[in-house]
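# generate a structure from the sequence data that follows.
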Amino acid sequence: MGAAVFHVEARERRRFTVAEYHRMGAVGILTDDERVELVAGELLTMAPIGPRHAACVNLLVQLLSRSVGEGVVVSPQNALVLSDDSELYPDIALLRGRPECYADAHPRPDDVLLVIEVADTSLQRDREVKAPLCAAAGIIELWIVDLTTGGVEVLREPRKDGYSLTRRLRPGDTLTPLAFPDTRFTVSDVLPSVE
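Numbers count the residues shown, from 1 in each chain. Below is the predicted model of the structure:
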């Protein structure tokens with residue numbers, strides 16, 4: 001007697017919109033304790049934030065807050081709606097305007113001057129998933145601070161299929177945000193020192 005063979009019809013994954021994602025939070029399907037992002041309609045878990053990652057984000061917030069001045073929001077780890085099916089929580093987003101501009105709605109790509117992702121365990125996702133999404137949304141500049149190598153990748157010139165310009169900078173190299181050409185610091189300035 002032969003084994004029974006069952007054919008299971010492949011099903012498509014259920015993708016969500018940003019509005020559905022927010023409804024899941026409002027009704028308690030997603031809780032405040034869950035660290036998830038909506039990426040191209042899928043809920044992806046975010047890695048826990050380690051101490052070096054947190055120190056780097058805090059250092060960047062401090063440096064940028066001193067450098068960019070009034071009329072710019074340095075927004076750490078808050079929502080950014082890239083499209084109808086993607087809402088990310090970048091480590092830092094530099095936004096046009098004042099904080100109260102975003103009291104009624106999360107920022108969108110036209111509001112963004114710079115996105116920064118700090119990567120230790122998330123480097124592959126930042127490069128292969130988030131960078132193309134940011135480029136397709138028209139984010140003019142993305143930095144990926146690589147804590148594993150001590151460098152920064154600067155991505156500019158967004159296109160629908162990714163960024164056409166990528167520069168890899170090392171400690172000692174100068175970082176200058178595209179939107180703030182008079183603001184300069186070195187890669188070493190943005191990396192937390194280990195004591």
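
# so where's this protein shaky on pLDDT?
Where the chain drops to pLDDT under 70, the residues are 1-11, 194-195.

# quick one: buried residues of stretch 177-189?
Residues of stretch 177-189 classed as buried by neighbour count (16 or more other CB atoms under 10 Å): P177, F180, F185, V187. C-beta here means a position set from N, CA and C on the backbone, and glycine is covered the same way.

# pick out the most distant pair among those residues.
With CB to CB as the measure, no two of these lie farther apart than F180 and V187, at 16.5 Å.

# for the buried residues of stretch 177-189, which one is nearest S83?
P177 (23.6 Å).

# so the closest one sits in a strand?
No - if the criterion is DSSP: H, G, I helix; E, B strand; the rest coil, then P177 is coil and not within a strand.

# residue contacts, the closest residue to it other than its chain neighbours?
Nearest residue to P177 in three dimensions, chain neighbours excluded: L114, at 5.2 Å (CB to CB, 6 or more residues apart in numbering). Residues near L114 by CB atoms under 8 Å, 6 or more residues apart in numbering: I92, A93, L94, I140, E141, L142, W143, P177, L178, A179.

# all helices for this structure, in order.
Assigned by DSSP state H, the helices in the chain fall at 18-26, 51-68, 123-125, 131-137, 187-190.

# need the CA coordinates for stretch 166-175. PDB is fine.
In PDB, the C-alpha atoms belonging to stretch 166-175 read as follows (Å, rounded to 0.1, in the frame of the first residue of the first chain):
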ATOM      1  CA  THR A 166      27.100  54.800  -2.600                       C
ATOM      2  CA  ARG A 167      30.200  55.900  -0.700                       C
ATOM      3  CA  ARG A 168      31.800  53.900   2.100                       C
ATOM      4  CA  LEU A 169      33.500  56.100   4.600                       C
ATOM      5  CA  ARG A 170      36.000  55.000   7.300                       C
ATOM      6  CA  PRO A 171      37.000  56.600  10.600                       C
ATOM      7  CA  GLY A 172      38.700  59.900   9.800                       C
ATOM      8  CA  ASP A 173      36.600  60.500   6.700                       C
ATOM      9  CA  THR A 174      34.300  63.500   6.700                       C
ATOM     10  CA  LEU A 175      30.500  63.200   6.800                       C
END
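
# what about T148, distance to R184?
25 Å (CB to CB, to the nearest Å).

# no, scratch that, I was asking about V145
16 Å.

# again, but for T121
29 Å.

# so what's V187 up against?
V187 is in contact with G150, G151, V152, L169, R170, P171, G172, D173, T174, L175, counting by CB under 8 Å, 6+ apart.

# so how far is T186 from the first one?
The reference is to G150. 12 Å.

# try H53
In terms of CB to CB, H53 sits 20 Å off from T186.
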